[in-house]
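Undergrad: dropping the sequence and predicted coords here.
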Amino acid sequence: MLWLQLAWKEITNNFKFSMFFVLNLGIGLIGFIALDSFQHSIDQHLQNNSKAILTADVQISSRFPLTTVETGLAENILNTDFEATDQISFMSMVAGNGNSRMTQIMAIQASFPQYGDIILQQAGSVSQSNARAELIANNQIWVALDLMILLDLEIGDTLKIGTQNFTIADVILEDPSSTISVMTSFPAIYMGIEQAESTGLIQLGSRITYSRFYKLPAGYPVADLEDIFEEQEQAVFRDTRRITMTTHEEESEDLGRILGYMNDYLGLIALIALFLAGVGAAYLFRTFFTSRFKDMAILMCLGGTPTQAYQMTLVQIVMLGSISAVLASTIAYFSLPLLPLLFEGFLPRGFSNEMEISSLVLALFMGTLGSIICCLPILSKIYDLNPIGLFHEKVQPSVVTAHWRRHVSSYAPILIVFWGLAIWQSSSFLIGSIFIGGFLTAIFILGAIAWFILRACGVFSSVANVTQKLALRNLNRNRLGAISCFLAIGLGSLLINLIPQIQKGLQEEITQPTDYSMPDFFMFDIQPEQVDPLQNLLATRGYEVSFMSPQVRARLDAINDVVIDAVEESPDEQMLRRRMYNLTYQTELKNSETLVDGEVWTGAWDFSSPDLPGISVEEGFADRMELEIGDTMSFDVQSVPVTGRIMNTRKVDWNSFQPNFFVSFQPGVLDPAPTTFVAAIGKVAAADRLAVQNSIVSELPNVSVINVQQIVARVLDITNQISWAITVMAYLSIFAGLVVLFSIARYEVKSRFWEINLLKILGANFNDVQAIVQIEFGILGFFAALSGVLLSLAMSYSISYFIFDSLWSFSFGMTSFSIVAISVLSVATALMATRSVLKQKPLELLRAV
Amino acid sequence: MLPELDMKARYLVFFLWLILPLPAFAQDTFTILFLGDSLTEGYGLEEGESFPDMLSDRYAAEGRKNLKIINAGISGSTSASALTRLQWYIRAQPDLLVLSLGANDGLRGLSVDALKANLIKTIEFAQSMDVKVVLTGMLIPPNYGPDYTSAFAQVFPDLAAQYQLTFLPFLLAGVAGITELNQGDGIHPNLEGTKIVADTLYNFLQPLLP
């Protein structure tokens, strides 16, 4: 108790200084909490959006009724509490008012959908009305708006499905499952499962999809489920396996990939938030501790042991740390949920910023236990503290090299705790370990740079004027303190810059390029003789196809005259086993393609030319198949052998909303072969879409018209949100980092209080002192920022290489901005702090002694 | 000889083959062209396991070297592509056309009239080229509704009668709807199912072959 009282007294005695410390640490911790919980909120938000597309966490489906063995297998793998809902779906032709139309019958239970919502014309949101209960209790159906218009139906009308008559109870305006699959994009009719079974349409030979959807506890990891399920199903059913498991993350392949990146990105941000807060806190704690050496020396003079002296200060630090952490948590707890209100309209729909408990716990941990761990290395120094130091102007433990073992081992707890936290934050042993390894390397490199620069300061001081000389010599003399300041700023700027560097590459990958217009409809199976009629049909309505790509089916027979079977042992056997290809022919590269190597052909292939027709292969495909320019490829084009020579490799932008082909031929070779065309139309007015779709379907019935608008729009929406989140997180981490740097610089000047006052007493004027501070912090800030940023380039490049498939691009703007901002911030903060120190009377100096 | 010239020579042969009339050796050959969709192509099966491949192997084993089989199956193709594809293959001088298109028209709920019109154009073109036509009938799953399924199924026997074609009422007879004979998707025969289809066709085609 005595320690507590003493410590408390000490704190209140130095009330102003204590408050200053609490504020600085608090600001840093608020930054950490904001960054960490924002990261969690974004993750949660994206997960929910992705779940709304599947309407569940996990789905299993089969063409046959699900057996208890099959569902048991799935549920055993899930091995957690879940809610399940069943669904039966099939296609059926429905007639009304002299017209008939293929529809998708969706037979559901009252608990569908588990995520997302169906919006009805009359009842509105089905999750907030009893529409579902009524649907499954009666011979009622909900009908998609498209179908209502096509068949000229009204609510209350009767529709015959199979042998049963159903009453149309409502019209579907928004349907989460309409985005699920391209091939099921027929207008939907919803009914209860029992009702569907009574239609007589489900019988031997019927083509039915039986699904069960699972809702799992929040945060349940679904990443590996599909693979595990497939493996176990294979083991149980062998060749008769017939059900598939789909997780919401894998539902859309593109989205899955992007969500994967996002996951890693957010994990990285969590790590960076942790390390930023750690650097800030460690710096503050240590400086605080060092400033207390004098009190400790007094204590030891009065007969205290070094341990007692240490405890005394430690108790103070833990008290102050706790106050900061509680303060920061309270402020964050009340202010963070308000952020979305502040940025309404800027944030995606339905986004809420939830306070993450784990962030609070981490902040509290950092403020309390963190302080003990960070100060442990200083404890070891106390043993070297000599009370004689009391009579020095500045009390510093003497450096005794004999105790280096103790010093070094006192750093071990910091290392172990941060290593553990890194693994926890990134949820990966490997990533956490690599990160901490990289961080240690960075400390070492930064330390070395700092030492070298400070030595250089000593050398250059001889050729400088008085003010410069003083500043440079200060740096050189106070090398240990300056190095720790340099390290803090350098590590800060390293951490700050990692995220923006990675952000740019990711952003470029994810963002939909604006130079491609998103199509409204994709059309497949267009026959050669239908190309003109289709174009004419669209022209009369004022539209134009955005592309018309020929597609010729062929089998790859040989590469460089080596028959494929013979090379089947090569690296990517699976790739080679797939021998059927859709080839295309084109006169030039499309706007979604860029030439990588070789040259593009000019015009069509001439039969009289001595060369083989040209082939262009996609870059990645060429890599996998080990193809090079000049190689020949022989295809069996529907019984006719065709050989070409690779003339170029090209890069394809897979986000371009265009059909992309691995292999394309020079025109003039494949033209007479049986070809179908793929086309798209864009910029169709919303009101016109149904009419356009219908006219194509009725004039060219075999052409599949797929409304990509509703499918792509949904995925695009999430993609945009991710891209937004990536940017916001990058800015937020810069901001949080600058806050930490601000508190470091401010603190550093405060601790120079002695020196500054001394200079004043010795007659230095205001400007001289300012100039000295300016030079010192200018040098520290600039070089620390420069080295931190350079290190961040190297580190972000390797992170991209290992985690983000080498998506890295140099952001010159961000890099130069960081260097300038950090140097300016250091100098400006230092000057500001100097001003307040200068305002104090030199008398303080005497009092302090 | 340089490889380029070699390839050039091959192209010459290819184009001559396209342009020139029936080469003499072909007179001894009897070519069967299977024009179809995924069922013909052998969707989901290993290379060489489609029913045209099985038939080809069987004829070869019987030493009937004059029988040549072309598998012109393309997954997902509808009857709309039948005519252009037949026009491409006509250069290979088929003697017998086994026309097995229409399943995808049915599964996609396409108009029965359009299916009929597409098949008529194809049959008429084949007959004009003196190619004997075998038509295989198709049924679609009952869930598509009684009106549509019956109208669809009726197209094939009607055409067979109208054009006096050799008619196999259902290509997947004895296979469709039986879990053990189909792949996980419930519509494409597995290896066992394909063997049955091949058997059906072997017996059915036997009287038509030299």
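TA: On my side now, so go ahead.
Undergrad: secondary structure element for residue B:33, which one?
TA: Assigned by DSSP states H and E, residue B:33 falls within strand B:30-36.
Undergrad: not counting its own residues, what contacts the helix or strand following that strand?
TA: The helix or strand immediately downstream of strand B:30-36 is helix B:38-41, counting by DSSP H and E. Applying Cβ atoms under 8 Å, 6 or more residues apart in numbering or on different chains, the external contacts of helix B:38-41 come out as B:34, B:50-52, B:71-76, B:100, B:103-104, B:171-172, B:188-189, B:197. C-beta coordinates here come from the backbone N, C-alpha and C atoms, glycine included.
Undergrad: hang on, residue A:524 packs against residue A:676?
TA: Yes: using Cβ atoms under 8 Å, residue A:524 is in contact with residue A:676, at 7.4 Å.
Undergrad: where does whichever residue of the stretch 401-550 of chain A sits closest to chain B land on pLDDT?
TA: In the stretch 401-550 of chain A, the residue that lies nearest chain B is residue A:527 (5.1 Å; Cβ to the nearest Cβ). As predicted, residue A:527 sits at a pLDDT of 89.
Undergrad: any regions of chain B where pLDDT drops low?
TA: Along chain B, segments meeting pLDDT under 70 span B:1-27.
Undergrad: where along it do the strands fall?
TA: With DSSP state E as the criterion, chain B has strands at B:30-36, B:67-73, B:96-100, B:132-136, B:166-168.
Undergrad: by mean pLDDT, which helix or strand of chain A comes out lowest?
TA: The least trusted helix or strand in chain A, going by mean pLDDT, DSSP states H and E, turns out to be helix A:573-577, with a mean of 49.
Undergrad: for chain B, give me its nearest residue in the stretch 551-700 of chain A.
TA: For the stretch 551-700 of chain A and chain B, the shortest gap (Cβ to the nearest Cβ) falls at residue A:674, measuring 4.2 Å.
Undergrad: look at the closest residue to that residue other than its chain neighbours and say how many residues are nearby.
TA: Nearest residue to residue A:674 in three dimensions, chain neighbours excluded: residue B:85, at 4.2 Å (Cβ to Cβ, 6 or more residues apart in numbering or on different chains). Residue B:85 has 24 neighbours, counted by other Cβ atoms under 10 Å in any protein chain shown.
Undergrad: right, and residue B:85 touches residue A:639 too?
TA: No: checked against Cβ under 8 Å, the pair residue B:85 and residue A:639 is beyond contact range at 10.5 Å.
Undergrad: which neighbours do the two share?
TA: Common neighbours of residue B:85 and residue A:639 (Cβ under 8 Å, 6+ apart) are residue B:72.
Undergrad: on that earlier part again, between the strands of chain B, which one is nearest to residue A:745?
TA: Residue A:745 sits nearest to strand B:67-73 of all the strands of chain B, at 74.0 Å, using Cβ to Cβ.
Undergrad: list the contacts for residue A:316?
TA: A:7, A:10-11, A:292.
Undergrad: which non-adjacent residue is nearest it?
TA: Leaving aside its chain neighbours, residue A:316 sits nearest to residue A:7 (4.5 Å; criterion: Cβ to Cβ, 6+ apart).
Undergrad: for residue B:64, same thing?
TA: Spatial nearest neighbour of residue B:64, chain neighbours left out: residue B:209 (7.8 Å); criterion: Cβ to Cβ, 6+ apart.
Undergrad: before we move on, what about residue A:263?
TA: Using Cβ to Cβ, 6+ apart and skipping the chain neighbours, the partner closest in space to residue A:263 is residue A:43 (7.2 Å).
Undergrad: can you check residue B:67 too?
TA: residue B:59 (4.4 Å).
Undergrad: from residue A:299, how far off is the one you found?
TA: As judged by Cβ to Cβ, to the nearest Å, residue B:59 and residue A:299 stand 104 Å apart.
Undergrad: show me the one of the strands of chain B that comes nearest residue A:815.
TA: Residue A:815 lies closest to strand B:67-73 among the strands of chain B, at 57.4 Å (Cβ to Cβ).
Undergrad: using CSV, write out every CA atom in the closest one.
TA: Extracted in CSV, the C-alpha atoms of strand B:67-73 (Å, rounded to 0.1, in the frame of the first residue of the first chain):
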residue,chain,number,x,y,z
LEU,B,67,-15.9,-47.9,-90.8
LYS,B,68,-14.8,-44.5,-89.9
ILE,B,69,-16.4,-42.5,-87.0
ILE,B,70,-16.4,-38.8,-86.5
ASN,B,71,-17.5,-37.4,-83.1
ALA,B,72,-19.0,-34.0,-83.8
GLY,B,73,-20.4,-33.5,-80.3
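Undergrad: for the residue nearest to residue A:530 when sequence neighbours are not counted, list the residues it contacts.
TA: Nearest residue to residue A:530, sequence neighbours excluded (Cβ to Cβ, 6+ apart): residue A:700, at 5.2 Å. Residue A:700 makes contact with A:526, A:530, A:533-534, A:537, according to Cβ under 8 Å, 6+ apart.
Undergrad: go on, residue B:125?
TA: Counting by Cβ under 8 Å, 6+ apart, residue B:125 touches B:83, B:86-87.
Undergrad: what's the answer for residue A:490, then?
TA: Residues near residue A:490 by Cβ under 8 Å, 6+ apart: A:442, A:446, A:449-450, A:784-785, A:787-788, A:791.
Undergrad: what strand or helix carries it?
TA: Assigned by DSSP H and E, residue A:490 falls within helix A:479-510.
Undergrad: that older thread, residue contacts, the residue of the stretch 401-550 of chain A closest to chain B?
TA: Residues near residue A:527 by Cβ under 8 Å, 6+ apart: A:676-677, A:702, B:80-81, B:84.
Undergrad: around chain B, which positions in the stretch 501-650 of chain A sit nearby?
TA: A:525, A:527-530, A:553, A:561, A:579, A:607, A:610-612, A:632, A:638-643 (Cβ under 8 Å from any Cβ of the partner chain).
Undergrad: in strands, which of those residues appear?
TA: Per DSSP E, the subset of those in strands is A:525, A:553, A:632, A:640-643.
Undergrad: checking residue A:522 next. Helix, strand or coil?
TA: strand (DSSP: H, G, I helix; E, B strand; the rest coil).
Undergrad: ok, it - contacts?
TA: Residue A:522 makes contact with A:678-680, A:705-706, A:708, according to Cβ under 8 Å, 6+ apart.
Undergrad: ranges for the helices of the stretch 201-350 of chain A?
TA: Secondary structure of the stretch 201-350 of chain A (DSSP state H, counting those that start in this stretch): helices at A:225-237, A:248-251, A:253-291, A:293-301, A:306-335, A:339-342.
Undergrad: returning to that earlier point: which one of residue A:524 and residue A:676 has more residues nearby?
TA: Comparing residue A:524 with residue A:676 by other Cβ under 10 Å, the one with more neighbours is residue A:676, at 26 against 17.
Undergrad: doesn't residue A:529 make contact with the more buried one?
TA: No: using Cβ under 8 Å as the test, residue A:676 is too far from residue A:529 to be in contact (11.2 Å).
Undergrad: and the host helix or strand of residue A:103, what's buried?
TA: Per DSSP H and E, residue A:103 falls inside strand A:99-108. By neighbour count, and taking 16 or more other Cβ atoms under 10 Å in any protein chain shown as the criterion, the buried residues in strand A:99-108 are A:100-108.
Undergrad: what do you get for stretch A:70-87?
TA: Quick answer for stretch A:70-87 (16+ other Cβ under 10 Å): A:70-71, A:73-75, A:77-78, A:82, A:84-87.
Undergrad: tell me the phi and psi of the residue in chain B positioned nearest to chain A?
TA: Closest residue of chain B to chain A, Cβ to the nearest Cβ: residue B:109 (3.0 Å). Main-chain torsions, residue B:109, degrees, to the nearest 10: phi 70, psi 30.
Undergrad: so it sits against residue A:102, correct?
TA: Yes: between residue B:109 and residue A:102 there is a contact under Cβ under 8 Å: 3.0 Å.
Undergrad: overlap of the contact sets of those two?
TA: Shared contacts of residue B:109 and residue A:102 (Cβ under 8 Å, 6+ apart): A:91, A:93, A:186, B:144.
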